[in-house]
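Asks: Provide a 3D model corresponding to the input given below.
(2 chains)
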Amino acid sequence: MLLIPCPWCGARAQTEFGYGGDASVGRPPDPQQLSREAWLDYVYLRDNPRGPHLEWWYHAAGCRRWFRVRRDTLTHEVLVSAPPGEAIEDGSP
Amino acid sequence: MVAGYRRVWRSRIVLYIFRLFCAAGVRVRYSVFSLARNALGYHRGWSRAWRSPEPRPRYDVIIIGGGGHGLATAYYLAKNHGITNVAVVEKGWLGGGNTGRNTTIVRSNYMLEANAHFYEHSLKLWEGLSQDLNFNVMFSQRGVINLAHSDPQLDAFNRRGNAMRLNGIDAVLLSREDVARRVPLLDCSPTARFPIMGGLLQPRGGVARHDAVAWGFARAADAHGVDIIQNCEVTGIRREGARVVGVETTRGVIGAGKIGIVVAGNSSRLAAMADVRLPIESHVLQAMVTEPLKPVLDTVVTSGATHLYISQTDKGEILMGGDLDGYNSYAQRGNLPLIEHVVAGAVSLFPFLSRLRMMRTWGGVMDMTMDGSPIIGKLPVEGLYMNGGWCYGGFKATPGSGWVFADTIAHDRPHPLNESFTLERFNTGYLLDEKGAGATPGAH
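Replies: Numbers count the residues shown, from 1 in each chain, chains lettered A, B, ... in the order given. As a prediction, this is how the structure comes out:
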């Protein structure tokens, strides 16, 4: 069982959460001006790292807020979490 | 007295000659005669099924990944295209990845045109595979039943079944009574948590022994001269200009004219070695078996209600799998909530399972693509090819995937059966989204 640290509710069991995927992908600021290659990059292409991964989680059975977690995809170790918009300072790559 | 001595000596000489024959490493063709011959030597004389050669400095083609798909590719390169200067490099042991971790289901019950033709081609290869490889892959066409739990779902199955039949694939729509007759231990009562409204059966679907598939392809490829190099991890892909020229491995640099990436779980990492980004996320999927039972389930049953696929192995275990754990992972292990979810679904459909003990659970890493379909074709680097992103449906495709990928490598262009499975489809928009889940890899 993963313990996911919700920034507002603390560490809770993974069954309370939904997963939102790669949080390093930012929505393009001006979608109308985006080239096809840039769309391809935004919608489909992922770094898919084997190691620390910044990702969205959603506390569905709790405060119902979205936040970001940096988690190691090889060891499942949770490194740090932060609310949206706040900088993540954890020293990990 | 003398006759008795003579008999003893004769049998000893026969045994001696036989052991000499085996020790010399002569490749024995598997048959009832070789079995009987080896029985005389107490089965101590079987020769190795494939060699373990040192890597040569250069090969025409290097296949990265010694799973079913990679070995099948090497086999068909040699058999169909006469390209035998081939190496399969594997970081661990043959079939130690997802080839040995799947739930062994084989089927071709797809609706989309490109999927239907490709998987049906693969199923036809399965039907002659044991004979072709001279290795019993224990392919058992015991049928695959998709359960319908609502009228709309049965309508959807009707549509898919018709699409399959128009493409020449066998499909039978089952009523609730048909399902109850075929799967007597399934709870088909009106009070069931997930009521059974009917099902879609593919009679030619079934299961195969997954390890035997890897071993059979390895032995057959080796017999054609393919070098299978285990414990050899690729750490880099060498390029000169726009072209690949070889791989860096834990056993040194090996030159190559062409390179095929055929790995599961690590496609993104291999492609990144050639500066290619893929529309893939790696996720962990678990499977599990109960203690062995007498035969109780003689077909494969799948249900979309809680997402479950279940069958009984030849050893008697009830084999189950379900959804992904749901988050990016390169760990070949998952977590308990998903196991509980799979088992809860299984017990609601098959109440008798509640008395059984769980024997083993395990996990494998799936390369989940953004549309749920694999990528089989050229990568945007000269001489570099990829066969991966099988999500969690790769086992059934093993022979077909090797067959089309060998053709793609040999002719440097996709075969008509895999020209819809290119990487470019994500750029052009011609996606193959069988489930219609969109760009959410964890949902396919």
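Asks: what is the three-state secondary structure of residue 39?
Replies: This is for chain A. helix (DSSP: H, G, I helix; E, B strand; the rest coil).
Asks: hmm, I had chain B in mind actually
Replies: helix.
Asks: who touches it in this structure?
Replies: Residues counted as contacts of B:A39 (Cβ atoms under 8 Å, 6 or more residues apart in numbering or on different chains): none. (Each C-beta comes from the backbone N, C-alpha and C, glycine too.)
Asks: distance of it relative to B:W46?
Replies: Per Cβ to Cβ, to the nearest Å, B:A39 is found 11 Å from B:W46.
Asks: quick check: which ranges of chain B have low pLDDT?
Replies: Low-confidence segments of chain B, defined by pLDDT under 70: B:1-27.
Asks: apologies, that question was intended for chain A.
Replies: Ranges of chain A meeting pLDDT under 70: A:90-93.
Asks: now do the phi/psi pair for the residue of it most remote from its centre.
Replies: Farthest-out residue of chain A from its mean C-alpha position, per Cα atoms, centre = their mean: A:Q33, at 26.1 Å. The phi and psi torsions at A:Q33 (degrees, to the nearest 10) take the values phi -100, psi 10.
Asks: try B:L123
Replies: When read as degrees, to the nearest 10, the backbone of B:L123 gives phi -60, psi -40.
Asks: could you report the neighbour count for it?
Replies: The burial count assigned to B:L123 is 25, neighbours taken as other Cβ atoms under 10 Å in any protein chain shown.
Asks: pull the contacting residues for the residue lying closest to it once chain neighbours are set aside.
Replies: Closest residue to B:L123 apart from its sequence neighbours, by Cβ to Cβ, 6 or more residues apart in numbering or on different chains: B:S108 at 4.3 Å. B:S108 is in contact with B:116, B:119-120, B:122-123, B:164, B:169, B:202, B:204-205, B:396, counting by Cβ under 8 Å, 6+ apart.
Asks: so how far is B:V276 from B:S108?
Replies: B:S108 is 30 Å from B:V276, by Cβ to Cβ.
Asks: now do B:A156
Replies: B:A156 is 36 Å from B:V276, where distance means Cβ to Cβ.
Asks: who's more crowded, the two?
Replies: More neighbours surround B:V276 than the other of B:A156 and B:V276, with 19 against 16 (other Cβ under 10 Å).
Asks: find the nearest non-adjacent residue to that one, please.
Replies: Per Cβ to Cβ, 6+ apart, closest to B:V276 is B:L379, 5.3 Å.
Asks: ok, now how distant is the one you found from B:A271?
Replies: Distance, B:L379 to B:A271, using Cβ to Cβ: 7 Å.
Asks: returning to that earlier point: inside strands: which ones of the contacts of B:S108?
Replies: Counted as lying in strands by DSSP state E, out of those, are B:Q202.
Asks: show me where chain A has its strands.
Replies: A:3-6, A:10-13, A:18-22, A:52-58, A:66-72, A:78-82.
Asks: so which bits of the third one are buried?
Replies: Right, strand A:18-22. Using 16 or more other Cβ atoms under 10 Å in any protein chain shown as the test for burial, strand A:18-22 gives A:19-22.
Asks: so for the chain, the centremost residue is which one?
Replies: Let's take chain A. Mean-position check on chain A, Cα atoms, centre = their mean. Result A:E55 at 1.6 Å.
Asks: hmm, no, I was thinking of chain B.
Replies: Nearest to the mean C-alpha position of chain B, by Cα atoms, centre = their mean, lies B:F395 at 2.2 Å.
Asks: what residues does chain A put near chain B?
Replies: Within chain A, the residues that sit near chain B (Cβ under 8 Å from any Cβ of the partner chain) are A:1-2, A:13-15, A:19, A:21-22, A:36-37, A:40-41, A:43-48, A:50, A:53, A:55, A:71, A:73-76.
Asks: among those residues, which ones are buried?
Replies: Neighbour counting by 16+ other Cβ under 10 Å classes A:2, A:14-15, A:19, A:21-22, A:40-41, A:44-46, A:48, A:50, A:53, A:55, A:71, A:73-74, A:76 among the residues of chain A next to chain B as buried.
Asks: show me what contacts the residue in the stretch 1-150 of chain B that chain A sits nearest to?
Replies: Of all residues in the stretch 1-150 of chain B, B:K91 sits closest to chain A, at 13.2 Å by Cβ to the nearest Cβ. By Cβ under 8 Å, 6+ apart, the contact set of B:K91 is B:231-234, B:250.
Asks: among those residues, who's most crowded?
Replies: B:V234 (23 neighbours).
Asks: thinking that residue is in contact with B:I64, fair?
Replies: Yes - the pair B:V234 / B:I64 is scored as a contact, 5.1 Å apart, by Cβ atoms under 8 Å.
Asks: now do the shared contacts for those two.
Replies: B:89, B:247, B:270.
Asks: now, which of those sits nearest B:L186?
Replies: Distance to B:L186, by Cβ to Cβ, is smallest for B:L270 among these, at 42.0 Å.
Asks: in a strand, that's where the closest one is, yeah?
Replies: No - read with three-state DSSP, B:L270 is helix and lies in no strand.
Asks: quick one on the thing from earlier: from the contacts of B:S108, which is closest to B:M370?
Replies: Ranked by distance to B:M370 (Cβ to Cβ), those are led by B:Y119 at 19.8 Å.
Asks: name the helix or strand for the spatially closest residue to that closest one that is not a sequence neighbour, please.
Replies: Spatial nearest neighbour of B:Y119, excluding adjacent residues (Cβ to Cβ, 6+ apart): B:S108 at 3.8 Å. Using DSSP states H and E, B:S108 is not contained in any helix or strand.
Asks: any idea how far B:S108 is from B:R159?
Replies: For B:S108 relative to B:R159 (Cβ to Cβ), the value is 17 Å.
Asks: B:L308 too?
Replies: 22 Å.
Asks: neighbour-wise, which of those two wins?
Replies: B:L308 (24 against 12).
Asks: and what about the residue lying closest to that one once chain neighbours are set aside, helix, strand or coil?
Replies: Distances taken as Cβ to Cβ, 6+ apart place B:G345 nearest to B:L308, at 4.5 Å, with adjacent residues excluded. Applying three-state DSSP to B:G345 yields a three-state assignment of helix.
Asks: B:G345 contacts B:A305, correct?
Replies: Yes - with contact defined as Cβ under 8 Å, B:G345 counts as touching B:A305 (6.8 Å).
Asks: please say which of those two ends up with more neighbours.
Replies: B:G345 (21 against 17).
Asks: please list the residues outside stretch B:351-361 that contact it.
Replies: Here stretch B:351-361 makes contact (Cβ under 8 Å, 6+ apart) with B:185, B:187, B:286-293, B:296, B:317-318, B:334, B:339, B:343, B:346-347.
Asks: can you tell me which residues contact the nearest residue to A:Y44 once chain neighbours are set aside?
Replies: The shortest distance from A:Y44 to any non-neighbouring residue, by Cβ to Cβ, 6+ apart, is to B:P279 (3.8 Å). Going by Cβ under 8 Å, 6+ apart, B:P279 touches A:44-46, B:369-371, B:375, B:389, B:423, B:426, B:439.
Asks: likewise A:R65?
Replies: A:6, A:8, A:58-59, A:83.
Asks: make it 6 Å
Replies: By Cβ atoms under 6 Å, 6 or more residues apart in numbering or on different chains, A:R65 lies in contact with A:H59.
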